[in-house]
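**Student:** let's see this in three dimensions:
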Amino acid sequence: MNKKKWYTGAVVLFSGGVLTLSAFLVPGIVNSEVIAGNGPAAQANVQPAAAGNAIPVLKVEAPAPVSTVSADLLKDMSEAQIQQIYDYVNQPGLEPGISGRELTEAEVNRRLVLEDKYVYEGLRPEQPLPLKAGQAEVYVDLVTHTYAYPERTMTDEELLQLIDWSYRLNYIAARHNVTAPPLAQDISEAEAKSLAAESVNKLFDADVSKLETKAMLAQLGPDKQPSWTVHSAPYKAGTLRGQGKEFREYHVIIDARTGDVLDTTVVNGALKRTPIDAAAAGSIQKDASWIHKATQIVMNKQGDKRTIVKADLTDTEVNNKRGMVAVKLVLEDGSHYTAELRYPDQTLRCLIYKP
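**Tutor:** Residues are numbered from 1 along each chain as shown. All right, here's what the predicted structure looks like:
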């Protein structure tokens, strides 16, 4: 039996912008997010027709998809079944394994597409995932914490059963979680989203208004600073990823007390990184264009008018392996930016600010 570490199927519940996170290990099931009762409202912009026009001119935007995952997940489950799952996820040292193989890349991609259909279109398996051996080839054994996968290619029904199980498992666990006390904040969720959108637009010339944007308030870093993390991505990003299509998503971290934008990052999973070898690293050290590029980003795109008193490359050993060049720019008041640029084209991946 394979007992390695697994990706996490996590349920994320936003209530007033405050994160409640309950994550459990479901082999092969990744990035499961349940937005309970907070689906984005449909957007429509209708322009009235001019007087005398025989045919009205309408501009109607497609409504944003709304999550179908809610308390309805529990309507076909008895209290005994709910308690059984709750007892299971609360066992100490829970770390499920797999009896047999792992999911193939093709199955993972199919699962991503199916999960979007599960969330947004209400697609459900015909039967629930069996919770013990002897009923089907795909099942989870609650006693041994083992998932059984067949050697053959899994069917859509079997993948849907695994998806459905992960959502039910996490939803039930989150239902029993004790709500944490609210974190101190001076910046509201709406203000955080506005600041994030402004930062993405400045640095990457991107408009996030048509993307799905989620915000959560959490304590980050060793000092447990209350911070907003705002994530914008296309609706049904799992489908795009599963179909191998290129798209961008944006992640912004904002100080919840001051409103300072601490990190603005663009993510493009389709881009291939080029590790920097010793010869290239030596050339970069002598090439002033990297520092010049970072300086222009801070001064022109970020719009910071404070004097830059020092600029140099940082964390080169680690970043060379990642195919990134990080430029640290220290300002006159001691605060600093770190601009992370992709090698070799010098495009900006992220801008980090330390007050």
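**Student:** so where do the strands sit in the stretch 51-200 of the chain?
**Tutor:** Secondary structure of the stretch 51-200 of the chain, counting by DSSP state E, counting those that start in this stretch: strands at 97-99, 139-141, 146-148.
**Student:** the last one: which residues count as buried?
**Tutor:** Put plainly, it is strand 146-148. For strand 146-148, a neighbour-count test (16 or more other CB atoms under 10 Å) marks 146, 147, 148 as buried. For glycine as for every other residue, the C-beta is placed from the backbone atoms N, C-alpha and C.
**Student:** which among those gets closest to residue 347?
**Tutor:** Nearest to residue 347 among the buried residues of strand 146-148 is residue 147, at 40.3 Å by CB to CB.
**Student:** follow-up on the earlier one: any chance of the buried residues of strand 146-148 in a markdown table, plus distance to residue 284 and pLDDT?
**Tutor:** As requested, those are exported to a markdown table (distance: CB to CB, whole Å; pLDDT from 0 to 100):
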| residue | distance to residue 284 | pLDDT |
| --- | --- | --- |
| 146 | 49 | 88 |
| 147 | 46 | 91 |
| 148 | 50 | 92 |
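**Student:** give me the residue at the spatial middle of the chain.
**Tutor:** Centroid check for the chain by CA atoms, centre = their mean gives residue 231 as the closest residue, at 6.6 Å.
**Student:** that older thread, of the buried residues of strand 146-148, closest to residue 92?
**Tutor:** Closest approach to residue 92 among the buried residues of strand 146-148 (CB to CB): residue 146, at 17.1 Å.
**Student:** spatially, what comes nearest to the closest one if we skip its sequence neighbours?
**Tutor:** Beyond its immediate neighbours in the sequence, the residue positioned closest to residue 146 (CB to CB, 6 or more residues apart in numbering) is residue 99, lying 5.1 Å away.
**Student:** just checking, the one you found touches residue 149?
**Tutor:** Yes. Residue 99 is in contact with residue 149 according to CB atoms under 8 Å; the separation is 7.5 Å.
**Student:** looking at the two, which has the bigger crowd around it?
**Tutor:** Just comparing residue 99 and residue 149: by other CB atoms under 10 Å the higher neighbour count belongs to residue 149, 21 against 14.
**Student:** so the more buried one versus residue 205, what's the distance?
**Tutor:** Shown here: residue 149 relative to residue 205, a distance of 44 Å by CB to CB, to the nearest Å.
**Student:** quick one: the helices in the stretch 51-200 of the chain?
**Tutor:** With DSSP state H, counting those that start in this stretch as the definition, the stretch 51-200 of the chain shows helices at residue ranges 79-89, 105-120, 156-175, 189-204.
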